[in-house]
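fold the following.
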Amino acid sequence: MNVTIYHNPACGTSRNTLAMIRNAGIEPTIVEYVKTPLTRDRLASMIADAHLTVRQAIREKDTPFAELGLGDPSLADDQLLDAMMAHPILINRPFVVTPIGTRLARPSEVVLDILPATSKGAFFKEDGEQVLDGEGKRIV
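Numbering: from 1, shown residues only. Take a look at the predicted model:
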């Protein structure tokens, strides 16, 4: 299965998502979007494919969100996309694209919705939270 993760290795959620993809027996294409920025069209397409608004795809924490005044509700999507293109750290992460769909994997287990049920046993997040049981089934 062709899977692409738009990844930030400094982010625990992104690392957990990558590990869940690999636990499913898939080695994804990894795009470190801060180092290799997306095109504006690709970013807008992923946001739409994930059924999000542009505002839902912006990361506020540990970014220049506040100093850029991006909380202003009068800003249009184009203005928000401009800011995300100028400052890729504003793109929330990780986005994952598979033939089944596109998701912003927050929380990380959202990625399971767009992966085949091929997980290889139990899976625990970095913080110890168990997501999959010993048979690779999602814990609700």
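
just the pLDDT for the closest residue to residue 119 other than its chain neighbours.
In this structure, residue 119 finds its nearest non-sequential neighbour in residue 136, 3.4 Å apart by CB to CB, 6 or more residues apart in numbering. Yep, even glycine has a C-beta here, placed from its N, CA and C like the rest. Here the pLDDT value assigned to residue 136 is 90.

which residues are in contact with residue 136?
Residue 136 makes contacts with 23, 117, 118, 119, 120, 121, 122, 123, as judged by CB atoms under 8 Å, 6 or more residues apart in numbering.

the fourth one: neighbour count?
For residue 119, the number of neighbouring residues by other CB atoms under 10 Å comes to 23.

quick check: it touching residue 21?
No - with the criterion set as CB atoms under 8 Å, residue 119 and residue 21 do not qualify as a contacting pair; they are 9.8 Å apart.

so which bits of the top helix by length along the chain are buried?
Across the chain, the helix with the greatest residue count (assigned by DSSP state H) is helix 12-23. Taking 16 or more other CB atoms under 10 Å as the basis for neighbour counts, the residues of helix 12-23 that come out buried are 13, 14, 15, 16, 17, 18, 19, 20, 21, 23.

dump whichever helix or strand comes after it to PDB, keeping only the CA atoms.
On the C-terminal side of helix 12-23, the closest following helix or strand by DSSP states H and E is strand 29-32. The C-alpha atoms that make up strand 29-32 are tabulated as PDB, following Å, rounded to 0.1, in the frame of the first residue of the first chain:
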ATOM      1  CA  THR A  29       7.100   7.700   2.100                       C
ATOM      2  CA  ILE A  30       8.200  10.200   4.700                       C
ATOM      3  CA  VAL A  31       8.100  13.900   3.900                       C
ATOM      4  CA  GLU A  32       9.600  16.100   6.500                       C
END
